[in-house]
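**Student:** when you get a sec, could you give me coordinates for this:
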Amino acid sequence: MSSSDEMSIDPTQDDDDGIIDKQQTKIRVSFLLSPSVRHNRHQLELPSEPMAVPSNIRKRGLSAIVNHLLDRGDKDDDDDSASDDDEDNERLPSIPFDFLLNDKLLRLPLDSAARNLGLSTEHALELHYFPARLPPKKEGQSEQLPDWIMVMEYNNGRLWSGGADGVIRTFEQDGEELKSGCVISAHTGPIKCVSSLTDATSDCLTYVATGSMDQTLVTHAYNSKKDELNLHAVYSGGHGNSISSVALAGGSGGGKQIMASGDWDGGLAIWNVPGSSSSSSNDNVGGDANGNKSSKKRKDNNSNSKSTSTEGTIQEVQPIQSVRAHSSNISGLAWGYNSSSSSLPTTLLTGSWDHGLKVYDVSRMDCILALNGSRVVTSLSRCSNSDVVATGSPDCTVRLWDMRTNGEGGSGSQIADKTLRQSHKSWVSAIQWSPTDPFVLATTSHDGTLKVWDIRSSLPLHTVKATANKGDKSLCLAFGDGFIYSGGSDCVVKKFAL
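**Tutor:** Numbering: from 1, shown residues only. Got it, this is the predicted structure:
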């Protein structure tokens, strides 16, 4: 492939007129398929020999070149060389590509990006390319609910939501509509936090923990075989104010499950969550070593619940640890990264309205790392494969924090916050990292938008309207299997395909 062939591609918007000057400066580049591309690599891989491209070429122009070299996309209308054989063997459709230069997404002209990164253009630049992430596309929504959707969580094929009316709802896809499944009134006040976990010994059993402004913290057990949602345990003695954050964790070995919860006053509590064996028998009546104060039969008088038993074994649980972790509202909790799925996590990450972020050793309940930010932390989420944390703030900004430690109270790496470019126009209400891509996260805001980010760029990849009317607030989101769900003050759950 000669340089003139490369220049015949029209990489639009590479200069002011959309036309490339053939006399302009060129830069040599090598196109390398990103290791993150695991499927159909043989169809997307290019030879790594360097080639010359215009120095001011942008992402769109580079994408056109890669598609041309891969022989993808429609043939030019004025291509007289097309034969009958070409018509029988149609090209594959073109693919929009993204490019990494020195592990940063290319968002500037190539020469400007190389200069900003301090890279020499005397040698060929290595550009790692991969199919670009497409904008979220709305694929369905629920019926209008009675009150605001405050929080949501996706687990084991189901979406769980908590409303300002204190009701837990499940949602499943039914054509273009998200249909509500089990519904149960769990609290007398708005639900402020939710977390879910599949039982370690039974895939058909899911625990859903919710905390509320009514100062109650409970777990419900959902049996997918029976399609039943029942009150499972009540947690008392750990908090004296509104419950604002909760996080469940479990290990496959031993079947033990634990829960952390934070409140409006900065209180932090750790609990043992009764397992399926203890919730199905009365062997623990009178108390046990796991903080279960008692176990008794109760009648569920909730008339708003569907598919719930009228009688069940409800555990009353006391905290195993309780401390004052922050001076104000603990707005976000995340269990520390654990490379072994068979064991419980040993650290807990916290974020607060007091501007602080901390790492706690769960066994000793000691703070082993404390970071002080400049803004209130409104939401927190941990990366899927490390203790890098993303937080939202009222100043419309997303920040990244490296909270990795060496386990001895010291830092294992440079710990600093990286601020992404301010893009939201109001309070960042929720943030969540992709469960499958450690570089991708999503945010919602009181400005009514949903944004998808790649942390290798300070600008969001995509922005979509997540609410129906101007002035509505987007309050929560959850990643599903190839989807993002969002909810807010318009009282409708929306589903977007990724």
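**Student:** could you give the backbone dihedrals for residue 44?
**Tutor:** With angles defined as degrees, to the nearest 10, residue 44 sits at phi -110, psi -10.
**Student:** same check on residue 140?
**Tutor:** Per-residue torsions, residue 140: phi 170, psi 170 (degrees, to the nearest 10).
**Student:** kindly tell me how buried it is, as a neighbour count.
**Tutor:** 19 (other C-beta atoms under 10 Å). Yep, even glycine has a C-beta here, placed from its N, CA and C like the rest.
**Student:** looking at the chain, which helix is longest?
**Tutor:** Determined from DSSP state H, the single longest helix within the chain is helix 59-69.
**Student:** helices or strands up against that one?
**Tutor:** On a contact count with 3 or more C-beta pairs under 8 Å, 6 or more residues apart in numbering; DSSP states H and E, helix 59-69 meets helix 3-7, strand 51-54, strand 97-101, strand 125-131.
**Student:** residue 266 and residue 325 touch, don't they?
**Tutor:** Yes. Contact criterion C-beta atoms under 8 Å: residue 266 and residue 325 qualify, at 5.9 Å.
**Student:** shared neighbours of the two, anything?
**Tutor:** Residues touching both residue 266 and residue 325 (C-beta atoms under 8 Å, 6 or more residues apart in numbering) are residue 352.
**Student:** thinking again about what came up before, now the helices and strands packed on helix 59-69 in a markdown table, with mean neighbour count?
**Tutor:** Below are these laid out as a markdown table (neighbours: other C-beta atoms under 10 Å):
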| stretch | mean neighbour count |
| --- | --- |
| helix 3-7 | 14 |
| strand 51-54 | 21 |
| strand 97-101 | 22 |
| strand 125-131 | 19 |
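**Student:** and these as TSV, adding mean pLDDT and distance to residue 119?
**Tutor:** Converted to TSV, the helices and strands packed on helix 59-69 look like this (pLDDT from 0 to 100; distance: least, C-beta to C-beta, whole Å):
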stretch	mean pLDDT	distance to residue 119
helix 3-7	40	21
strand 51-54	96	15
strand 97-101	97	7
strand 125-131	97	6
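**Student:** quick one: neighbours of residue 421, just the number.
**Tutor:** When counting by other C-beta under 10 Å, one arrives at 11 neighbours for residue 421.
**Student:** kindly report the same for residue 418.
**Tutor:** 13.
**Student:** near the closest residue to residue 216 other than its chain neighbours, how many other residues are there?
**Tutor:** Spatial nearest neighbour of residue 216, excluding adjacent residues (C-beta to C-beta, 6 or more residues apart in numbering): residue 187 at 5.7 Å. Residue 187: 23 surrounding residues under other C-beta under 10 Å.
**Student:** and the gap between residue 187 and residue 91?
**Tutor:** Relative to residue 91, residue 187 is positioned 57 Å away (C-beta to C-beta, to the nearest Å).
**Student:** tell me where the chain has helices.
**Tutor:** Using DSSP H, helices in the chain cover 3-7, 41-44, 59-69, 84-88, 110-116, 276-279.
**Student:** buried residues of the fifth one, list them for me.
**Tutor:** For helix 110-116, the buried set under the neighbour-count rule, 16 or more other C-beta atoms under 10 Å, comprises 110, 111, 113, 114.
**Student:** just the CA trace of it, in CSV.
**Tutor:** Output of helix 110-116 as CSV, limited to C-alpha atoms (Å, rounded to 0.1, in the frame of the first residue of the first chain):
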residue,chain,number,x,y,z
LEU,A,110,-1.8,13.6,16.0
ASP,A,111,1.1,16.0,16.1
SER,A,112,-0.5,18.0,18.9
ALA,A,113,-1.1,14.9,21.0
ALA,A,114,2.4,13.7,20.4
ARG,A,115,3.8,17.1,21.5
ASN,A,116,1.7,17.2,24.6
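**Student:** run through who's touching that helix.
**Tutor:** With contacts defined as C-beta under 8 Å, 6+ apart, helix 110-116 is touched by 25, 27, 29, 53-58, 62, 101, 104, 106-108, 120-121, 125.
**Student:** closest to residue 384 among the buried residues of helix 110-116?
**Tutor:** residue 113 (27.6 Å; C-beta to C-beta).
**Student:** quick one, grab the pLDDT at that closest one.
**Tutor:** At residue 113, the pLDDT value in this model is 97.
**Student:** and the pLDDT at residue 442?
**Tutor:** The model reports residue 442 with a pLDDT of 98.
**Student:** lowest-confidence stretch among the helices of the chain?
**Tutor:** helix 3-7 (a mean of 40).
**Student:** that older thread, could you work out the most separated pair of the buried residues of helix 110-116?
**Tutor:** 111 and 113 (7.4 Å).
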